[in-house]
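> Below are the sequence and a predicted model for it; my questions follow.
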Amino acid sequence: MNVKVKICGITRLEDAQVAIENGVDALGFIFYKKSKRYIEPNKVKEIIKNIPPFISKVGVFVNEDINDIKRIGKELKLDILQLHGEESVEYLKELEKGFTVVKAFRIKDIRELEKIKDYKIKWFLLDTYSSKEYGGTGEKFNWEIVKEAKKYGKVILAGGLNSENIKLAIDELKPYGVDISSGVEIDKGIKDRKKIIDIMRIIKDD
Ligand SMILES: O=C(O)c1ccccc1NCC(=O)[C@H](O)[C@H](O)COP(=O)(O)O
């Protein structure tokens, strides 16, 4: 199965290395200060120095000042900006002048899909809505909505993916990509080597 894989919430070089050795396509860094997975840009710079070519570096932001995003994106040479808040269409279009941008939609129910149309985007991320957190909840949402969402573009599936449900998710929904965080953790921001190896083996063997 040719699905793209991102492991998100990386805070340690050793976790990035295990992920890369086991075939991930992208690593995500959380620049949202209220998250327990927040990592300072300078620390990301150190990790990135050790990341080989052809692995995408993704910066995750929530309603951040647009000039700060541009500055961090340029300084760290991020390949992709992932927007997890209530960023407007205009905000996204402005960032798209200089970056590849992925907008995340946090799914509460089918009505959330109405918003996707306004953004006129080719790909987007679907994650689980929570009133408490912007992402990294470890909870899945109603996957029936993914089937509907595929009408609007390529879907990157997130929310509660783990080694128990990843095969079903990929086989049934055939997303463009999957985004995994809690499912490979022992604690927020601390990844588990075995969990990464196990989930990547399932994905690659599929
Ligand atoms: O992970 C966070 O702490 C986070 C905080 C604020 C905005 C986004 C965040 N994560 C974004 C991701 O890309 C996660 O991988 C995605 O939400 C899935 O997480 P999980 O359900 O834990 O696999």
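In hand now; what should we look at?
> From the centroid of this protein, which residue is nearest?
The chain has residue 179 as the residue nearest its centroid, 4.7 Å off, counting by Cα atoms, centre = their mean.
> Looks like it contacts residue 25 (just checking).
No - taking contacts as Cβ atoms under 8 Å, residue 179 lies outside contact range of residue 25: 10.6 Å. Placement of C-beta: from N, CA and C, glycine included.
> got any residues that touch both of these two?
Residues touching both residue 179 and residue 25 (Cβ atoms under 8 Å, 6 or more residues apart in numbering): residue 6.
> Wait, residue 24 touches residue 3, no?
No - using Cβ under 8 Å as the test, residue 24 is too far from residue 3 to be in contact (11.2 Å).
> With neighbour numbers in mind, choose between the two.
Neighbour comparison, residue 24 and residue 3: the larger count goes to residue 24, with 23 against 19 (by other Cβ atoms under 10 Å).
> Give the phi and psi angles for that one, as a check.
Taking degrees, to the nearest 10, you get phi -70, psi 160 for the backbone angles of residue 24.
> can you pull the contacts of it?
Contacts of residue 24 (Cβ under 8 Å, 6+ apart): 5, 6, 7, 55, 200.
> For the longest strand along the chain, buried residues please.
The single longest strand within the chain, with elements called by DSSP state E, is strand 100-107. Residues of strand 100-107 classed as buried: 101, 102, 103, 104, 105, 106, 107 (neighbour count, 16 or more other Cβ atoms under 10 Å).
> mind listing what the fourth one touches?
If a contact means Cβ under 8 Å, 6+ apart, then residue 104 has 82, 83, 84, 124, 125, 126, 127, 135, 158 as its contacts.
> The first one too?
With contact taken as Cβ under 8 Å, 6+ apart, residue 101 is in contact with 80, 81, 82, 83, 92, 95.
> ok now the lowest-mean-pLDDT helix or strand in the chain, how far from the chain's centre?
Ranking every helix and strand in the chain by mean pLDDT, DSSP states H and E puts helix 113-119 at the bottom, with a mean of 91. Relative to its chain's centre, helix 113-119 lies at 19 Å (Cα atoms, centre = their mean, to the nearest Å).
> Okay, now the unreliable bits of the chain?
For the chain, applying pLDDT under 70 flags the ranges 1, 206.
> What residues does it have near the ligand?
Residues of the chain lying close to the ligand (Cβ under 6 Å from any ligand atom) are 8-9, 28, 30, 32, 35, 37, 60, 62, 84, 127, 134-138, 158-161, 179-183.
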